[in-house]
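Novice: Just to be clear, the model below is a prediction. Sequence and coordinates:
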Amino acid sequence: MNHSPRTRTVVSCTLLVIALGAGGTACSGGGNPLADKPYDATDQLSFNGVTGDGKKADPDKPLEVTAEDDNRITDVTATDAAGRYVTGELSADGTRWHSTSPLAANAHYTVRVSTEDGDGAPGRKVLTFDTSNPTTKKRLGVKFGPDSGDYGVGQPVTAVLDQPVKDEAQRAIVERALRVDSVPAVQGAWHWVDDKELHYRPKDYWPAHAAVQVHSNLDGIKVGDRLWGTKSKPLRLTIGDSIVAVTDASAHSMTVYKNGEDIKDLPVTTGKPGFETRNGVKVVLGKQSFVRMRSATVGIAEGSSDSYDLPVYYATRLTWSGEYVHAAPWSVGSQGYANVSHGCTGMSTGNAEWFFNTVHEGDVVKVINSNGDTMEPFGNGFGDWNLTWKNWRTGSALVGGTPDGPSPDDAARLRPTAV
């Protein structure tokens with residue numbers, strides 16, 4: 001190919017990363033040769049594992065693009081038919097790009113490569129290829145929770161895997177494929193509870209009236225040597241008004257806020273000595289208009305001075321171990337003055353009915369100034385908010401140990417800097 005002589009743009013490149021949405025380069029220097037119409041760069045590039053003869057590429061192998069002679073690669077964007085991008089790294093001299101995230105099995109890919117020849121003239125090559133089916137049958141699926149529907153501002157998103165994932169690199173592959181998008185957008189992160197369960201929460205509570213969509217891009221993605229992702233059902237949540245109830249155990253009162261405004265103050269009683277109510281943030285798990293509460297279910301021996309067997313109305317559940325906000329007509333004389341319960345928050349029947357009708361699953365109840373322990377983050381309901389944002393991020397395979405800031409997808413773009 002003949003190109004008119006021109007001064008080559010001088011660009012200093014360190015490690016360059018292709019990420020989601022990467023599609024252009026920012027270059028500066030003497031002139032702008034990249035503004036010219038690109039020529040066909042087919043003869044300047046080679047692709048490993050892609051023969052062009054109709055054979056399918058092996059998804060077990062990384063995609064590699066190499067520039068030949070005195071040419072250099074300036075940009076690579078690889079996507080499959082589902083719109084999933086392949087991340088990658090470009091060598092400092094621009095001669096080689098290779099994928100750093102797995103290719104999907106049984107997928108159709110389009111690869112767009114931009115180049116520059118020795119005179120600075122821009123080239124372009126678009127390649128399509130298909131990948132073959134995975135060689136193993138072991139699949140990794142994910143079930144999102146809660147069920148699609150309306151929730152409060154404190155509701156975390158859960159993801160339960162049907163296979164354990166222990167390796168940190170494999171966890172990163174899984175986590176990168178689990179997408180949570182909201183309108184308005186918020187900063188959030190996944191946290192690995194154990195080898196099979198992750199929780200997602202924003203840095204702060206969800207904005208009131210936010211729309212949240214959750215889906216998995218794991219289908220066809222290689223997670224490990226004998227483990228491939230499969231399809232999963234997406235999830236949609238609609239966030240309602242911001243309802244936050246703050247219970248001051250020492251003042252024996254609860255204040256309920258709606259969208260930041262104090263709408264009701266309620267006299268209450270909380271856990272007495274030996275049965276102190278847990279401090280911290282809890283999330284409403286559900287509501288039952290009637291519950292039979294028996295002390296034997298929480299380890300209190302029948303016939304002891306603390307045993308009980310009571311019909312309870314307007315019960316709003318906060319923990320799986322049995323902490324509720326509920327009607328307690330037997331303790332009205334102590335409500336607002338003393339803590340006499342076995343750990344629940346008790347109030348008059350009228351106030352309990354109002355609270356029951358006001359709050360919804362996912363709303364927040366925060367207890368302060370109790371002599372009890374702090375609500376555990378996991379295993380007894382949703383205590384996720386009792387971890388600081390810094391500690392929450394440490395549970396992520398993607399952002400753990402990194403400075404707080406933009407997500408890797410936003411930060412990792414191919415942007416050479418001119419000198």
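Specialist: Looks like it arrived, so ask away. Residues are numbered from 1 along each chain as shown.

Novice: How much space separates Tyr200 from Ser216?
Specialist: 12 Å (CB to CB, to the nearest Å). Where you see a C-beta, it was placed from the backbone N, CA and C, and this is true even at glycine.

Novice: and what of Asn380?
Specialist: 27 Å.

Novice: Which of these two has more residues huddled nearby?
Specialist: Between Asn380 and Ser216, counted using other CB atoms under 10 Å, the more crowded position is Ser216 (23 against 17).

Novice: quick one: contacts for the more buried one?
Specialist: Val142, Phe144, Ala159, Ala177, Leu178, Arg179, Gly229, Lys231, Ser232, Pro234 (CB atoms under 8 Å, 6 or more residues apart in numbering).

Novice: Let me know the secondary structure of the nearest residue to Ala327 once chain neighbours are set aside.
Specialist: Using CB to CB, 6 or more residues apart in numbering and skipping residues adjacent in sequence, the residue nearest Ala327 is Ala352, 3.6 Å away. Using DSSP: H, G, I helix; E, B strand; the rest coil, the structure places Ala352 in helix.

Novice: mind listing what Ala352 touches?
Specialist: Contacts of Ala352 by CB under 8 Å, 6+ apart are Tyr313, Tyr314, Val325, His326, Ala327, Ala328.

Novice: Please enumerate the strands of the stretch 51-200 of the chain.
Specialist: 64-67, 72-80, 88-90, 96-99, 108-116, 122-130, 139-140, 142-145, 149-151, 157-161, 178-183, 188-192, 197-202 (DSSP state E, counting those that start in this stretch).

Novice: Ok, which of those strands comes nearest Arg171?
Specialist: strand 188-192 (6.3 Å; CB to CB).

Novice: which stretches of the stretch 251-400 of the chain have low pLDDT?
Specialist: Within the stretch 251-400 of the chain, the stretches with pLDDT under 70 are 293-309.

Novice: Going along the chain, name the strands of it.
Specialist: 253-258, 261-267, 280-283, 286-294, 309-317, 324-327, 345-347, 364-368.

Novice: would you turn the contacts of Ala352 into TSV with distance to Lys390?
Specialist: Below are the contacts of Ala352 laid out as TSV (distance: CB to CB, whole Å):
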residue	distance to Lys390
Tyr313	41
Tyr314	38
Val325	30
His326	35
Ala327	39
Ala328	38
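
Novice: Quick check: of the residues you listed, which has the highest neighbour count?
Specialist: Busiest of the contacts of Ala352 [other CB under 10 Å] is Val325, holding 29 neighbours.

Novice: Cool, thanks, talk later.
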